[in-house]
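Q: Task: produce atomic coordinates for the following.
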Amino acid sequence: MKNAVKLVVFIFVVALIVLSALRLGAKFSSSASQVKSIEMITASWYGPRFHGRKTASGRVFDMREISAAHRSLPFGTKILLVNPTNNAQVIVSITDRGPYVAGRDLDLSLGAAEALGIKKQGLAQLYAVITD
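A: Numbers count the residues shown, from 1 in each chain. This is a model prediction of the structure:
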């Protein structure tokens, strides 16, 4: 029974994420976006030590902006992130490489971490919706 409840909750959350992605599709690009994948990821945040330095994309890192680092996604990729514990959502753009800590999938700017409500905990499981 517990597994059935977990499955229903998971399906509901995925449906919510897909609807949010479709509703926010215009923010991803000027044309209609297609959802490529929805994944549960582990995210952390970075900021003060790198503030004002150049990122791997050549942009100057501003920890207060909404951005993220990923090991392989192309620079400029937009990702809708959803925090399942508080339903906070933010769209980040990949501007840097990382994280370089095992078990982490995405490094968020301080601004993105604050928008998602994960600054204090530092590490969180998030839903990531990647569109093309």
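
Q: Just to check, residue 79 is in contact with residue 90?
A: No: contact between residue 79 and residue 90 fails when scored by Cβ atoms under 8 Å: they sit 9.1 Å apart. C-beta: built from backbone N, CA, C; applies to glycine.

Q: Low-confidence ranges, the protein, go.
A: For the chain, the stretches flagged by pLDDT under 70 are 1-33, 132.

Q: For it, which segments count as helices?
A: Counting by DSSP state H, the segments of the chain that form helices are 2-23, 25-28, 110-116.

Q: Extract the C-alpha trace of the strand ranked longest in the chain and format it as PDB.
A: The strand of greatest length in the chain, counted in residues with DSSP state E as the criterion, is given as strand 35-46. What follows is strand 35-46, C-alpha atoms only, in PDB (Å, rounded to 0.1, in the frame of the first residue of the first chain):
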ATOM      1  CA  VAL A  35      10.300  18.300 -22.600                       C
ATOM      2  CA  LYS A  36      13.400  16.200 -23.200                       C
ATOM      3  CA  SER A  37      13.700  14.700 -19.700                       C
ATOM      4  CA  ILE A  38      12.500  15.000 -16.200                       C
ATOM      5  CA  GLU A  39      15.000  13.800 -13.600                       C
ATOM      6  CA  MET A  40      15.600  13.800  -9.900                       C
ATOM      7  CA  ILE A  41      19.000  15.400  -9.300                       C
ATOM      8  CA  THR A  42      21.200  16.400  -6.400                       C
ATOM      9  CA  ALA A  43      22.100  20.000  -6.400                       C
ATOM     10  CA  SER A  44      24.300  22.200  -4.200                       C
ATOM     11  CA  TRP A  45      25.200  25.900  -4.500                       C
ATOM     12  CA  TYR A  46      28.300  28.000  -4.800                       C
END
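
Q: how about it: buried residues?
A: Going by neighbour count (16 or more other Cβ atoms under 10 Å), the buried part of strand 35-46 is 35, 38, 43-46.

Q: Off-centre distance for it?
A: Going by Cα atoms, centre = their mean, to the nearest Å, the spacing between the C-alpha centre of strand 35-46 and its chain's C-alpha centre is 5 Å.
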